[in-house]
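# Need the 3D shape of this:
(one chain, ligands or ions: 1)
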Amino acid sequence: MPDPMIEPQAERPSWAIIVHGGAKSIAPELEDAHRSGCLLALVAGQAILEAGGSAVDAVETAIRVLEDDPTFNAGYGSVLNAQGQVECNAAIMDGRTLDVGAVAAVGGLRHPISVAASMLSERQVLLVGHGAECFARAHDGEMCAPGDLAVERPDGGCDTVGCVALDIQGHLAAGTSTGGLAGCPQGRVGDSPLPGCGLYADDAIGAVSLSGDGESLIRTTLAARLIHSLEAVPPGPAIEAALTRLAGVGGEAGLIVIDADGRLDWGHNSPQFAVAHARAGQAARAFTERAQDASGELS
Ligand code: GLY
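Numbers count the residues shown, from 1 in each chain. The predicted structure is shown next:
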């Protein structure tokens with residue numbers, strides 16, 4: 001019996017968007033903040049898509065909202081490494097051109113995702129540390145003191161935020177942003193800024209954004225596996241196959257997907273995964289576990 005909350009959709013939606021706030025354990029008293037934070041980001045991205053804007057702009061806009069929200073470990077709200085420093089990573093990929101912009105191990109950027117987006121027109125894919133900060137300064141990036149991004153956290157504050165969008169021109173984009181792992185060694189970089197590991201977008205196939213144990217996601221190149229699966233199967237089975245592969249090396253993850261036909265889905269093996277999604281003809285909704293979004297088949 002189909003879930004009446006999720007209207008089956010025979011036709012490709014004109015636009016679709018899904019955001020996440022990290023694969024992790026979410027304390028019951030923080031669940032509302034995660035749902036409302038994801039919804040706020042979703043609505044900001046949705047407004048861009050409804051106005052005919054690009055998937056890239058929608059993804060950047062949604063992630064900026066998540067970077068502003070200290071509920072999430074990205075931008076303002078980032079965790080501290082073993083030296084007590086903030087080191088952020090972010091990336092964005094344009095499925096139309098396969099351009100990628102990414103920054104890693106940066107502490108002084110107010111919005112790492114926007115600096116990554118500024119890099120989409122550059123030849124280089126990834127800039128790290130001081131080099132990324134110099135690039136940001138030269139491109140009017142919003143700078144801040146690294147300590148300004150740290151907050152007192154009631155939780156461990158682990159993991160990543162992300163967004164995937166399909167625009168009315170049929171283009172896809174994916175993005176990620178994270179403050180990394182609390183207490184990790186200085187200079188450690190996880191999956192989030194690495195295409196094929198934490199994100200990927202290709203208009204011909206789909207777009208994906210991942211969250212979870214960065215080292216496991218890198219070892220399994222999980223975003224790349226997910227994209228290859230989408231060439232053969234819908235998002236649901238592709239997500240299942242990716243989580244099965246991840247089980248072989250261990251580690252938690254959450255995955256959000258929109259394929260080239262506009263089908264969106266998400267999954268996780270972490271205790272919770274805060275997600276919000278919407279598409280043309282289907283109102284925005286937010287969840288902290290896939291089981292709550294229980295149609296079984298999102299189309
Ligand atoms: N998934 C985020 C990280 O491992 O840094």
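
# Distance-wise, check residue 200 relative to residue 164.
10 Å (Cβ to Cβ, to the nearest Å). (Each C-beta comes from the backbone N, C-alpha and C, glycine too.)

# Neighbour count for those two, which is higher?
residue 164 (36 against 31; other Cβ atoms under 10 Å).

# what pairs with the helix or strand the more buried one falls within, and is each one parallel or antiparallel?
Using DSSP states H and E, residue 164 sits in strand 160-166. Applying DSSP bridges, strand 160-166 is found paired with strand 16-24 (antiparallel), strand 172-178 (antiparallel).

# quick one, which of these is nearest to the ligand?
Closest of these to the ligand is strand 172-178, at 4.5 Å (criterion: Cβ to the nearest ligand atom).

# Quick check: what element follows that closest one along the chain?
The first helix or strand that comes after strand 172-178 along the chain, using DSSP H and E, is strand 199-202.

# helices or strands up against that next one?
Packing partners of strand 199-202 (3 or more Cβ pairs under 8 Å, 6 or more residues apart in numbering; DSSP states H and E): strand 88-94, strand 172-178, strand 206-212, helix 222-230.

# neighbours around residue 112, how many?
35.

# For the closest residue to it other than its chain neighbours, list each beta-bridge partner.
Using Cβ to Cβ, 6 or more residues apart in numbering and skipping the chain neighbours, the partner closest in space to residue 112 is residue 90 (3.6 Å). Beta bridges link residue 90 to residue 103, residue 177 when assigned by DSSP bridges.

# and residue 90, what does it touch?
Contact analysis of residue 90 by Cβ atoms under 8 Å, 6 or more residues apart in numbering lists 63, 74, 102-103, 112-113, 115-116, 175-178, 192-193.

# For residue 14, which residues are in contact?
Here residue 14 is in contact with 168, 280 (criterion: Cβ under 8 Å, 6+ apart).

# Need the three-state assignment for it.
coil (DSSP: H, G, I helix; E, B strand; the rest coil).

# Most neighbours out of the contacts of residue 90, which is it?
residue 175 leads the contacts of residue 90 on contacts (other Cβ under 10 Å) with 37 neighbours.

# circling back to that earlier point, anything in contact with each of residue 200 and residue 164?
With Cβ under 8 Å, 6+ apart, residue 200 and residue 164 have common neighbours 174, 207, 208.

# Could you dump those into JSON lines and include distance to the ligand?
Compiled in JSON lines, the shared contacts of residue 200 and residue 164 are given as follows (distance: Cβ to the nearest ligand atom, whole Å):
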{"residue": "174", "distance to the ligand": "14"}
{"residue": "207", "distance to the ligand": "17"}
{"residue": "208", "distance to the ligand": "13"}
